[in-house]
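[1] structure here, sequence nowhere to be found:
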């Protein structure tokens, strides 16, 4: 059954507010060549051993194998062993910079100071941001690298960090 912006997939008529929301959500998708709708994927990081407290510093880097745009971040302390605090920075190096200087790549923060992702005593064990207000350079190109930098941490032993990315190609 085909659906439009006035009915749900199961054929129920949608309210005007739901119709407007559905239209807005569909407009977020960027079509890629040969793809009906853009795909949303996660780039996951698991940091910490689960037995020792995480240390500040670089915790990992991953290559990006597709063009996309970062649209959100999730951080979760999932062991429930202890309360703590953590602040993170997400950094990016472009492939062109890596080719020019492969021995000491230059990573730049994409998070504006003052808006760094933080889990703390008042936020519990979870952080989520789908707005990314004041973040810089969210577009990803094939060959870029993303790096996770723990700025400060107390007590946490393991964290799941996931970047939500809208792919711009299949």
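    Sure, I can see it. These numbers were taken from a predicted model, which means no experiment stands behind them. Residues are numbered from 1 along each chain as shown.
[2] quick one: pLDDT of the residue nearest to residue 54 when sequence neighbours are not counted?
    Closest residue to residue 54 apart from its sequence neighbours, by C-beta to C-beta, 6 or more residues apart in numbering: residue 48 at 4.3 Å. Where C-beta positions appear, they are placed from N, C-alpha and C, glycine not excepted. pLDDT for residue 48: 91.
[3] then residue 114?
    pLDDT, read off for residue 114, is 80.
[4] so where do the helices sit in the protein?
    16-28, 95-100 (DSSP state H).
[5] hey, least reliable of those by pLDDT?
    helix 16-28 (a mean of 65).
[6] show me where this structure dips below the pLDDT cut-off.
    1-12, 14, 21-38, 81-82, 170 (pLDDT under 70).
[7] please parse this protein into its domains.
    1-30, 35-167 (automatic domain parsing).
[8] tell me the most buried of those domains?
    domain 35-167 (a mean of 15; mean count of other C-beta atoms under 10 Å).
[9] test my guess that residue 161 contacts residue 45.
    Yes. Look at residue 161 against residue 45 with C-beta atoms under 8 Å: they come within range, at 4.3 Å.
[10] overlap of the contact sets of the two?
    Contact criterion C-beta atoms under 8 Å, 6 or more residues apart in numbering; residues shared by residue 161 and residue 45: residue 148.
[11] list the residues that contact the closest residue to residue 165 other than its chain neighbours.
    Spatial nearest neighbour of residue 165, excluding adjacent residues (C-beta to C-beta, 6+ apart): residue 68 at 4.4 Å. Going by C-beta under 8 Å, 6+ apart, residue 68 touches 41, 139-140, 165-169.
[12] report the two of these separated the most.
    41 and 139 (14.9 Å; C-beta to C-beta).
[13] show me what residue 145 is bridged to.
    On the basis of DSSP bridges, residue 145 is bridged to residue 63, residue 93.
[14] ok, now the one 5 residues further on?
    As for beta bridges, residue 150 partners with residue 57, residue 88 under DSSP bridges.
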